[in-house]
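Peer 1: Sharing a sequence plus its predicted fold:
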Amino acid sequence: MLRQVADGVLIHQSEFCQSNAVVVQGRAGLLLIDPGILGDEMAALADDLRELGQPVVAGFSTHPHWDHLLWHARLGGAPRYGTARCAATVRDRLSDPGAKARIAEQQIPPDIAERVPLDLLGLITGLPAETAQIPWDGPQARIIEHQAHAPGHAALLIEERGVLVAGDMLSDVLIPMLDLNGTADPIEDYLAALRLLEGAAEGVDILVPGHGSVGGADQVRVRIDQDRAYVHALRDAQVLSDPRVGPSATYDWMPGVHARQLQRLAQRSERDGTPG
Ligand SMILES: [Zn+2]
């Protein structure tokens, strides 16, 4: 069930965590960003794409988390890309033979695990660090890489269509989830990423987050401000007034994510503050 959100840009929303797959129509084929989660959904998507009369000619994963790295054989054998850092992280995390089983067991919710095909997980090619846009024959898709939610996370700006594909940033249902593994200053990294998106988002009419609802031009500003306010509150351990973790939150596990982030950050500052 594809929905057009801009001229030549369509999305498919998964029943899992409102995950958005994005399809961009090019001259001789389609660019498919973060294809989806469930095997049957991706197969149905492949059928829908066939009806558009163009093959998938390029794929892109916004970041190295399992829910953005999937693929289905029926989508074809087009090259799938990510940033160099994203691809290196995937390679590293999938390097041992038990990696997929571990992901299935520890990261994928048990109620959907059987429906998530992992055979083509993470088969992406890293684009060299200086790559400014996706190499494909279609509307320019500018790569806006930043250090925030995951290593090598990238948003894509399809300027010609007025669309910003934000990856796991700027969601109306998920709070900012910081990359707390190994980065020196995850708070400042996240704020810098929001500034970068803010600079890129001028003139954007449609915002597509990795999870949640598509927003119009007014939502771009609202969501940047909301994410920034959340990160500030997290940094300063302030009381939160964020609807994504409040009583009307879409996901009841979101307050738990927030509590864990607070705890991890407190542990970090304790550790950093201890001499020696
Ligand atoms: Zn995600």
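Peer 2: Sure, I can see it.
Peer 1: in the protein, which spans are helices?
Peer 2: Along the chain, the stretches classed as helices by DSSP state H are 39-51, 84-93, 99-106, 186-200, 217-235, 254-273.
Peer 1: With respect to W71, which of those helices lies nearest?
Peer 2: helix 39-51 (7.4 Å; CB to CB). Using the backbone N, CA and C atoms, a C-beta is placed for each residue, glycine as well.
Peer 1: buried stuff in the closest one?
Peer 2: Going by neighbour count (16 or more other CB atoms under 10 Å), the buried part of helix 39-51 is G39, E41, M42, A43, A44, L45, A46, L49.
Peer 1: Output those in TSV, with distance to Q13 and pLDDT appended to each entry.
Peer 2: Putting these into TSV (distance: CB to CB, whole Å; pLDDT from 0 to 100) gives the following:
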residue	distance to Q13	pLDDT
G39	16	97
E41	9	97
M42	13	97
A43	16	97
A44	12	97
L45	11	97
A46	16	97
L49	15	97
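Peer 1: and the helices of the chain as TSV, adding distance to the ion?
Peer 2: Below are the helices of the chain laid out as TSV (distance: least, CB to the ion, whole Å):
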stretch	distance to the ion
helix 39-51	15
helix 84-93	13
helix 99-106	13
helix 186-200	15
helix 217-235	15
helix 254-273	12
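Peer 1: weakest of these in terms of mean pLDDT?
Peer 2: The weakest mean pLDDT among those belongs to helix 254-273, with a mean of 89.
Peer 1: which residues are there in the stretch 101-250 of the chain that come within reach of the ion?
Peer 2: D168, G210 (CB under 5 Å from the ion).
Peer 1: Would you map the strands across the stretch 101-250 of the chain?
Peer 2: For the stretch 101-250 of the chain, the strands defined by DSSP state E, counting those that start in this stretch occupy 125-127, 142-146, 153-158, 163-167, 206-209, 215-216.
Peer 1: just how off-centre is the third one within its chain?
Peer 2: By that I understand strand 153-158. Remark: strand 153-158 is offset 9 Å from the chain centroid, using CA atoms, centre = their mean, to the nearest Å.
Peer 1: Show me what it is packed up against.
Peer 2: strand 80-83, strand 142-146, strand 163-167, helix 186-200 (3 or more CB pairs under 8 Å, 6 or more residues apart in numbering; DSSP states H and E).
Peer 1: what is the orientation angle of the third one with strand 153-158?
Peer 2: Put plainly, it is strand 163-167. For strand 163-167 against strand 153-158, the angle by axes from the mean of the first three to the mean of the last three CA atoms, to 10 degrees is 170 degrees.
Peer 1: Give me the sheet partners of strand 163-167 and which way each runs.
Peer 2: If you go by DSSP bridges, strand 163-167 pairs up with strand 153-158 (antiparallel), strand 206-209 (parallel).
Peer 1: Same question for the shortest one.
Peer 2: The strands that strand 80-83 pairs with in its sheet are strand 56-60 (parallel), strand 125-127 (parallel) (by DSSP bridges).
Peer 1: Let me know the average pLDDT across it.
Peer 2: On average, strand 80-83 scores 98.
Peer 1: what's next to it, contact-wise?
Peer 2: Under the contact criterion CB atoms under 8 Å, 6 or more residues apart in numbering, strand 80-83 has outside partners 58-64, 71, 87, 90, 123-127, 129, 131, 134-135, 143, 145, 152-154.
Peer 1: For stretch 118-134, buried residues please.
Peer 2: L118, L120, L121, G122, L123, I124, G126, L127, I134.
Peer 1: rewinding a little: could you dump the helices and strands packed on strand 153-158 into CSV with mean neighbour count added?
Peer 2: Shown next, in CSV, are those (neighbours: other CB atoms under 10 Å):
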stretch, mean neighbour count
strand 80-83, 25
strand 142-146, 19
strand 163-167, 28
helix 186-200, 18
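Peer 1: So which of these is nearest D236?
Peer 2: Proximity to D236, assessed across those by CB to CB, is greatest for helix 186-200 (9.7 Å).
Peer 1: May I have the residues that are in contact with L191?
Peer 2: R228, V231.
Peer 1: Distance-wise, check it relative to Q147.
Peer 2: In this view, L191 and Q147 are 11 Å apart by CB to CB, to the nearest Å.
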